[in-house]
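Whatever this is, show me its structure:
(chains A and B)
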Amino acid sequence: MFAEFLQYLFSGLTSGAIYALAGLGFAIIYNASNVINFAQGEFIMIGGMTAASLVAAGTPLWLAVALALVVAMLVGIALERLAIEPARDSDVVTIVIITIGASIFLRGAAQVIWDKEFHSLPAFSGETPIALSGATLMPQSLWVIGSSALAIAALWWFFNRTLFGKAMLATSHNRLAAQLVGIGVKRVLLASFALSALLGAVAGVVVTPITFTSYESGIMLGLKGFSAAVLGGLGSGLGAIVGGLIVGLVEALASGYLSSAYKDAIAFIIILFVLFFMPSGLFGRRGTDRV
Amino acid sequence: MTLFRPRTGGILVLAAIIALVPLGLGNGYFYDVAVNAMFSAIVCIGLNLLIGYGGQISLGHAGFFALGAYGSAILTGRYEVPPLAALVLSAGAVALIAFVLGRPILRLKGHYLAMATLGIGIIIHIVLKTESGLTGGPDGLALGDFTLFGLSVSGERDWYWMAGGVLLLAVWLSLNLIDSPLGRALRAVHGSEAGAEAAGVDSSGTKVRVFVISAVFASVAGSLFAHKNGFITPDIGSFFHSAELVTMVVLGGMASTFGALVGAVILTLLPQVLASFEQYEAMILGAIMMGTMIFMPKGLLPSLAGLIRRWRGER
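Have a look, this model is predicted:
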């Protein structure tokens, strides 16, 4: 009974960590530019697919991972330069459609570059499960949770201790004021896409040994990350992390105790409830309309 | 002259095109493509009311299309309801669902609205895939011919005239709706919600009504599509299909009924023309979505109309 619960808890924390990273990616871009990047999930897919194909071609794991992160960041930068920047001043619906277009484009490109098959990576430190009061924990789950925690700590350090991170934070508070004190707002935008692509790719690389990856695995992960970000309150970093863990845990518990067929629907049911009853999320600032 | 006002003139031109196109259609395959284009056009004309005129995005309309299709399939197959009655009942059920969901959803704006409609679309898709006792699951469902007053609609040619008739009806409804009090209220809401409220428009009621109307358009097209195809799978309700429908609307031209039609026809024909590039289909669709929004955010038809106006003005 307890062992079963613990098992669901482990799997919920593992997927929750991934959703948290994806949600943080949304939050970073949203803060810098007020854009919701519906292509966020594709960064996860690109990270996973690049690493998997490089390892399959004989590249050492560490090098494949490093290259995968670089590739995803380059794609993020290209996306900002080629698709978002030219439409900077468009309305929300326009930019939503652009990023969905980008997502479909990247998925299509992945299908052309690689294939429609599932790919995997070897687990980073073996496949021997760790027994823990009746439940088992795969070492790779620890990698997922550990690297997410590390990435979050690094982000905190970046935003609070480095000059460029502080510049990004300032831009998210007030774009014009940031520009007036000499912050290169365009560079901040570019950096926000690179950073959230990096986060996505980290998530993609560490989760691939558990869930496998394919050209279309990004969309669901991305949308669940968005659910996490909205649940926590759009633009709130802490909110995205808490939201991600909640979505992951509820999903694991509900699919364990209620119905596993509806596992993928749960994030969306949560999000509909949140949007209907508390649209600013757990930690979000309440928005007001200016007329 | 009233004849050349878009409401009457446009419909006459469209009727003439629908009547003349079969002269150029060689065989059943071309009829088939034309019928599919017209079904998509019906959905897009409804969706355009919401996106183009109302400024409200929906990323879940494939869900309503699929509900219409499955409603018809289940009612005619399992309960032996006559096809026309099944179509009407399904549309009624979809209208009710859209009405109930519409009020809380349309309070949301921008990203949140996109997310909520997307969520509903995905939930519908997952339900259709999972409830295999009723829907046949991922394997899909088969269904019989559509019958209209005892006559059975079968074969590409019958379907061509049927789809053409319904398309004309959809265009006529849409053009009239835009100039009705509801349409004016909707355009006011698009301009400024607070402004419309100040002028006495019930903005949330207006948005909900148009959401319901566009969902019914999608449902009816879905029912007809199901009968014509004879077989449906849950993937007609996928996110990809929803995105495709939105692309048709924005490509053809937002806030233009004929633009939505043109967008639907182009995006239905494109994969046929590019059949040898099949694996690039998703890339091309994505590139069209991005390119249209970046280079001509108003869409094809309004951009062209603007060009023509400028050209005339310069002479």
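
Tell me where the model's unsure across chain B.
B:1-7, B:314-315 (pLDDT under 70).

Mind jotting down where the strands sit in it?
Listed in chain order, the strands of chain B (DSSP state E) span B:141-142, B:146-148, B:151-153, B:231-232.

Out of the ones you listed, which is closest to A:Ala194?
Nearest to A:Ala194 among the strands of chain B is strand B:231-232 (43.1 Å), distances taken as Cβ to Cβ. No exception for glycine: its C-beta is placed from N, CA and C like everyone else's.

quick one on the thing from earlier: in a markdown table: the strands of chain B, plus mean neighbour count.
Converted to a markdown table, the strands of chain B look like this (neighbours: other Cβ atoms under 10 Å in any protein chain shown):
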| stretch | mean neighbour count |
| --- | --- |
| strand B:141-142 | 18 |
| strand B:146-148 | 17 |
| strand B:151-153 | 13 |
| strand B:231-232 | 18 |
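
out of the ones you listed, which comes closest to chain A?
strand B:141-142 (18.1 Å; Cβ to the nearest Cβ).

From the chain's centroid, how far away is that closest one?
Here strand B:141-142 is found 22 Å from its chain centre; the criterion is Cα atoms, centre = their mean, to the nearest Å.

which neighbours does it have in its sheet, and in what orientation?
Take DSSP bridges as the rule and strand B:141-142 pairs in its sheet with strand B:231-232 (antiparallel).

Within range of chain B, give me the residues from the stretch 1-150 of chain A.
Within the stretch 1-150 of chain A, the residues that sit near chain B (Cβ under 8 Å from any Cβ of the partner chain) are A:36, A:38, A:83, A:86-87, A:90, A:92-98, A:100-109, A:111-112.

same thing but 10 Å
Contact residues, the stretch 1-150 of chain A versus chain B (Cβ under 10 Å from any Cβ of the partner chain): A:26, A:30, A:34-36, A:38-39, A:79, A:82-87, A:90-112, A:115-116.

Please pick the buried ones from those residues.
Among those, those buried by neighbour count (16 or more other Cβ atoms under 10 Å in any protein chain shown) are A:26, A:30, A:35-36, A:38-39, A:79, A:83-84, A:87, A:90, A:92-111.

circling back: counting only strands, which of the residues of the stretch 1-150 of chain A next to chain B make the cut?
Going by DSSP E, the strands hold none of the residues of the stretch 1-150 of chain A next to chain B.

Low-confidence regions, chain A specifically.
Chain A contains residues with pLDDT under 70 at A:285-291.

State which helix of it is the longest.
helix A:2-33 (DSSP state H).

in the stretch 101-250 of chain A, which spans are helices?
Taking DSSP state H, counting those that start in this stretch, the helices of the stretch 101-250 of chain A run over residues A:139-161, A:163-173, A:175-180, A:185-211, A:217-232, A:237-257.

so can I have TSV of the ones you listed showing distance to B:Pro234 and mean neighbour count?
Below are the helices of the stretch 101-250 of chain A laid out as TSV (distance: least, Cβ to Cβ, whole Å; neighbours: other Cβ atoms under 10 Å in any protein chain shown):
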stretch	distance to B:Pro234	mean neighbour count
helix A:139-161	31	17
helix A:163-173	40	17
helix A:175-180	43	13
helix A:185-211	22	24
helix A:217-232	15	28
helix A:237-257	19	22
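
The closest residue to A:Phe158 other than its chain neighbours and chain B: what is the separation?
Once flanking residues are discounted, A:Phe158 sits nearest to A:Gly165: 4.1 Å by Cβ to Cβ, 6 or more residues apart in numbering or on different chains. Separation of A:Gly165 from chain B (Cβ to the nearest Cβ, to the nearest Å) stands at 25 Å.

picking up where we left off before, need the helices of the stretch 101-250 of chain A in TSV with distance to B:Met38, can you?
As requested, the helices of the stretch 101-250 of chain A are exported to TSV (distance: least, Cβ to Cβ, whole Å):
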stretch	distance to B:Met38
helix A:139-161	49
helix A:163-173	47
helix A:175-180	46
helix A:185-211	40
helix A:217-232	29
helix A:237-257	41
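
A:Ile269 contacts A:Tyr262, doesn't it?
Yes - using Cβ atoms under 10 Å, A:Ile269 makes contact with A:Tyr262 at a distance of 8.3 Å.

anything in contact with each of those two?
A:251, A:254, B:123 (Cβ atoms under 10 Å, 6 or more residues apart in numbering or on different chains).

contacting residues around the last one?
Translated: B:Ile123. Counted by Cβ under 10 Å, 6+ apart, B:Ile123 has contacts A:262, A:264-266, A:268-269, A:272, B:60, B:63, B:237.

and the strands of chain B as a markdown table, adding distance to B:Asp179?
As requested, the strands of chain B are exported to a markdown table (distance: least, Cβ to Cβ, whole Å):
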| stretch | distance to B:Asp179 |
| --- | --- |
| strand B:141-142 | 40 |
| strand B:146-148 | 30 |
| strand B:151-153 | 32 |
| strand B:231-232 | 36 |
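
Next one: A:Met168 from chain B, what distance?
A:Met168 is 20 Å from chain B, where distance means Cβ to the nearest Cβ.

my guess is that residue contacts A:Ile183, does it?
Yes - applying Cβ under 10 Å as the test, A:Met168 and A:Ile183 come out as touching, 8.5 Å apart.

ok, the longest helix along chain B near chain A or not?
In chain B, with assignment by DSSP H, the single longest helix is helix B:203-229. No - using Cβ under 10 Å from any Cβ, helix B:203-229 stays clear of chain A, coming no nearer than 12.0 Å.

quick one: that helix to chain centroid distance?
With Cα atoms, centre = their mean, you get 8 Å for helix B:203-229.

what does stretch B:100-120 give?
In terms of Cα atoms, centre = their mean, the centre of stretch B:100-120 is set 18 Å apart from its chain centre.

pretty sure B:His61 is touching B:Ser238, no?
No - counting by Cβ under 10 Å, B:Ser238 is not a contact partner of B:His61; they are 11.7 Å apart.

Quick one: the contacts of B:Ile123 as a markdown table, columns for distance to B:Gly222 and neighbour count too.
Below are the contacts of B:Ile123 laid out as a markdown table (distance: Cβ to Cβ, whole Å; neighbours: other Cβ atoms under 10 Å in any protein chain shown):
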| residue | distance to B:Gly222 | neighbour count |
| --- | --- | --- |
| A:Tyr262 | 23 | 17 |
| A:Asp264 | 22 | 19 |
| A:Ala265 | 21 | 22 |
| A:Ile266 | 26 | 22 |
| A:Phe268 | 21 | 23 |
| A:Ile269 | 23 | 16 |
| A:Leu272 | 22 | 19 |
| B:Gly60 | 13 | 29 |
| B:Gly63 | 10 | 33 |
| B:Gly237 | 9 | 30 |
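
biggest separation within these, which pair?
The largest separation in the contacts of B:Ile123, counting by Cβ to Cβ, is between A:Ile266 and B:Gly237 at 18.3 Å.

How about the contacts made by residue 88?
Going with chain A. Shown in contact with A:Arg88 (Cβ under 10 Å, 6+ apart): A:33, A:35, A:95, A:186, A:189.

Chain B was what I was after
B:Val88 neighbours (Cβ under 10 Å, 6+ apart): B:71-72, B:75, B:81-82, B:219-220, B:223.

Farthest pair within those?
For the contacts of B:Val88, the farthest-apart pair by Cβ to Cβ is B:Pro82 and B:Ser219; their separation is 17.0 Å.

Among those two, which residue is more densely surrounded?
B:Ser219 (31 against 15; other Cβ atoms under 10 Å in any protein chain shown).

Just confirm that one contacts B:Val43, I think it does.
Yes - under the criterion of Cβ under 10 Å, B:Ser219 makes contact with B:Val43 at 9.2 Å.

between these two, what contacts are shared?
With Cβ under 10 Å, 6+ apart as the test, B:Ser219 and B:Val43 both reach B:61, B:64-65, B:68.

can you tell me how far B:Cys97 sits from B:Ser223?
You called it Cys, but residue B:97 is Ile. Counting by Cβ to Cβ, to the nearest Å, the separation of B:Ile97 from B:Ser223 is 15 Å.
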